[in-house]
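Asks: sequence and computational prediction follow.
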Amino acid sequence: MPHFIDIADFSKEALLHMLAEAKRRKAARAGQPKGAVDTDAPLTGRALAMVFEKPSTRTRISFDMAMRQLGGSTMVLNAGDMQLGRGESIEDTARVLGRMVDMVMARVHGHDKIEALAEFAGIPVINGLTDLSHPCQIMADLQTLEEHKGALEGLTVAWVGDCANVTRSWIEAATLLGMCMKIGAPKEYQPEADVLAWAAEKGGDIVVTEDPAEAVKDADCVMTDTWISMHHKEEEKARRIAELMPYQVTPELMAKAKPDAIFMHCLPAHRGEEVAAEVIDGPQSVVFDEAENRLHAQKAVLLHCLGKLV
């Protein structure tokens, strides 16, 4: 079953194939109304169920519009409104969904829930985000990086600050696609040992340091993510901000990267915390290209899952 669960599940060739499709689809829509259906409408008659345990802007809109533009339809299922929120097992939920729709995209907390959906649904399952990984975001990031920097192999990308699900998926992508990834974070906030061990085994060029300046030195792209999540209590928020403030992406920090380096952030952003307003709103920022590319990259993922990639 062609699921889309983690970047590490794919080969370099498969990832590049999906990126090429995303690029082609984006170019083909130039000048068209957003609501217009793609001329080939390859997913006509297909239905996608979108399950949300977590709030969403870009994931929800991009998958919804991607399916509409590809000719298909969607339904939004908030976990709290389903029997899943009242104790029905994820396995039974998966079996029901598998009888009624063609694909499931889920944005959930536990990675085990995505794995259970994939095991029991009998249809393709897409990881729209878990606490462990965020592969759909990375496909949009890679598309954006390729648009601004050309071939991905040999590029140096820098990650600064808290390392969480997006960082993990980026480590997998950088390893598979031949990029150097340098990570600057306090010890408590650095990536998990298992993903670093996986990258080392695969020959990845992943450098971890506590020095943010060293991390961004000569980088083609500088990235960060929010330091605060909804589950953090007020006292924890204050502690995290204090510990991570030296890792804020400022104009001074960006100046240590290559002169033509770009800045990316998966959004939502907190200006004045993980990134200075002068950076995210400045000329090196490509965050809204990145956000738009969620739509085009999601199309490639959907087509992959239904065996429709050219």
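Replies: Now that the structure is in, tell me what you want to look at. Just so we're clear, the structure is a prediction, and the values are computed from it rather than from any experiment. Numbering: from 1, shown residues only.

Asks: please save the CA atoms from stretch 79-86 in PDB.
Replies: The C-alpha trace of stretch 79-86 is given here as PDB (Å, rounded to 0.1, in the frame of the first residue of the first chain):
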ATOM      1  CA  ALA A  79     -11.400  13.900  16.200                       C
ATOM      2  CA  GLY A  80     -13.400  15.400  19.000                       C
ATOM      3  CA  ASP A  81     -16.500  15.200  16.900                       C
ATOM      4  CA  MET A  82     -16.000  11.600  16.000                       C
ATOM      5  CA  GLN A  83     -16.500   8.400  18.100                       C
ATOM      6  CA  LEU A  84     -12.700   8.300  18.100                       C
ATOM      7  CA  GLY A  85     -13.000  11.200  20.600                       C
ATOM      8  CA  ARG A  86     -15.300   9.000  22.700                       C
END
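
Asks: show me what counts as buried in that stretch.
Replies: Applying a neighbour-count criterion of 16 or more other C-beta atoms under 10 Å, the buried positions in stretch 79-86 are A79, M82, L84. For glycine as for every other residue, the C-beta is placed from the backbone atoms N, C-alpha and C.

Asks: ok, stretch 184-202 next?
Replies: G184, A185, Y189, Q190, P191, V195, L196, W198, A199.

Asks: hang on, the earlier thing: need the buried residues of stretch 79-86 in CSV with distance to V160, pLDDT and secondary structure, can you?
Replies: Compiled in CSV, the buried residues of stretch 79-86 are given as follows (distance: C-beta to C-beta, whole Å; pLDDT from 0 to 100; DSSP: H, G, I helix; E, B strand; the rest coil):
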residue, distance to V160, pLDDT, secondary structure
A79, 33, 84, helix
M82, 38, 87, coil
L84, 36, 80, helix
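
Asks: out of these, who's nearest E147?
Replies: For the buried residues of stretch 79-86, the closest approach to E147 (C-beta to C-beta) belongs to A79, at 34.4 Å.

Asks: ok, now how distant is the residue nearest to that closest one when sequence neighbours are not counted from R24?
Replies: In this structure, A79 finds its nearest non-sequential neighbour in E53, 4.4 Å apart by C-beta to C-beta, 6 or more residues apart in numbering. Per C-beta to C-beta, to the nearest Å, E53 is found 33 Å from R24.

Asks: quick one: which of those two has more around it?
Replies: In this view E53 and R24 are compared by other C-beta atoms under 10 Å, and E53 has more residues nearby, 19 against 14.

Asks: circling back: for the residue nearest to A79, give me the pLDDT.
Replies: Here, the pLDDT recorded for E53 equals 93.

Asks: any chance of the backbone angles for it?
Replies: With angles defined as degrees, to the nearest 10, E53 sits at phi -90, psi -20.

Asks: relative to L117, how far out is it?
Replies: Distance, E53 to L117, using C-beta to C-beta: 12 Å.

Asks: name the residues contacting each of those two.
Replies: A106 (C-beta atoms under 8 Å, 6 or more residues apart in numbering).

Asks: which elements pack onto the biggest helix by length in the chain?
Replies: When the chain is parsed with DSSP state H, its longest helix is helix 287-305. Counting contacts by 3 or more C-beta pairs under 8 Å, 6 or more residues apart in numbering; DSSP states H and E, helix 287-305 packs against helix 12-28, helix 58-69, strand 125-129, helix 135-149, strand 262-265.

Asks: try 6 Å this time
Replies: helix 12-28, helix 58-69, helix 135-149 (3 or more C-beta pairs under 6 Å, 6 or more residues apart in numbering; DSSP states H and E).

Asks: deepest in the core, which of those is it.
Replies: Among the helices and strands packed on helix 287-305, helix 135-149 has the highest mean neighbour count (mean count of other C-beta atoms under 10 Å), at a mean of 23.

Asks: pLDDT (mean, whole number) over that helix?
Replies: pLDDT averaged over helix 135-149 gives 98.

Asks: what angle separates that helix from strand 125-129?
Replies: For helix 135-149 against strand 125-129, the angle by axes from the mean of the first three to the mean of the last three C-alpha atoms, to 10 degrees is 70 degrees.

Asks: elements contacting helix 135-149?
Replies: So helix 135-149, by 3+ C-beta pairs under 6 Å, 6+ apart, packs with helix 12-28, helix 165-177, helix 287-305.

Asks: possible to save the ones you listed as CSV with mean pLDDT and distance to H134?
Replies: As requested, these are exported to CSV (pLDDT from 0 to 100; distance: least, C-beta to C-beta, whole Å):
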stretch, mean pLDDT, distance to H134
helix 12-28, 98, 15
helix 165-177, 98, 5
helix 287-305, 98, 11
